[in-house]
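Asks: Predicted model follows, preceded by the sequence.
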Amino acid sequence: MLHTIRQSLNNDSLFRQILRGLNKKFYHQTVTTKQVEDYMSATAKVDLSKIFDQYLRTTELPVLEYKEDDYKLSYRWANCVKGFNLPLKIHFIADQWIKPTEEWKSLNLYPEGNKTFSVDPNFYIKTKKITD
């Protein structure tokens with residue numbers, strides 16, 4: 001989970017700052033999960049609550065469902081907590097970031113584009129290709 005958060009922030013110096021800050025702020029204290037979650041979200045300036053809910057409060061891995069046709073790639077989150085908002089780095093035509101939701105979203109393609117799709121393996125998720 002922590003590595004997935006690190007990848008989603010796409011900023012190793014910020015992630016290192018979060019880890020060092022946790023150690024400094026909570027040194028020799030007994031802390032709650034909420035304190036750690038709130039500190040990480042505040043320092044990252046990103047609401048990580050749904051990511052924590054998914055990985056800490058369920059036993060299920062989120063599934064990125066996707067389908068391809070001649071001119072677009074469609075994708076959405078499934079098997080996830082409501083409001084799950086993990087951005088993903090994908091390899092499709094070029095490396096790029098997507099922000100899936102529980103609703104279908106699409107990327108348009110050029111006919112000559114490379115259609116090899118994959119998710120960066122640094123994200124702790126499952127993928128499922130949907131065929132009609």
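Replies: Noted; the coordinates are in hand.
Asks: Could you give the secondary structure assignment for the spatially closest residue to residue 33 that is not a sequence neighbour?
Replies: In space, and not counting its chain neighbours, residue 33 is closest to residue 56: 7.1 Å by C-beta to C-beta, 6 or more residues apart in numbering. Heads up, the C-betas are built off the backbone N, CA and C, glycines and all. Under the three-state scheme (DSSP: H, G, I helix; E, B strand; the rest coil), residue 56 adopts helix.
Asks: same deal with residue 6?
Replies: Residue 6 is classified as helix under three-state DSSP.
Asks: distance of it from residue 109?
Replies: To residue 109, residue 6 is 30 Å away according to C-beta to C-beta, to the nearest Å.
Asks: elements contacting the strand or helix carrying residue 50?
Replies: Per DSSP states H and E: residue 50 is located in helix 49-57. When contacts are defined as 3 or more C-beta pairs under 8 Å, 6 or more residues apart in numbering; DSSP states H and E, helix 49-57 packs onto helix 2-9, helix 33-44.
Asks: Scan this structure for its longest helix.
Replies: helix 12-25 (DSSP state H).
Asks: so what secondary structure elements neighbour it?
Replies: By 3+ C-beta pairs under 8 Å, 6+ apart, helix 12-25 packs against helix 2-9, helix 33-44.
Asks: try 6 Å this time
Replies: Here helix 12-25 touches helix 33-44, going by 3 or more C-beta pairs under 6 Å, 6 or more residues apart in numbering; DSSP states H and E.
Asks: now the angle between helix 49-57 and the helix it packs on, please.
Replies: With axes from the mean of the first three to the mean of the last three C-alpha atoms, to 10 degrees as the basis, helix 33-44 and helix 49-57 are set at 140 degrees to each other.
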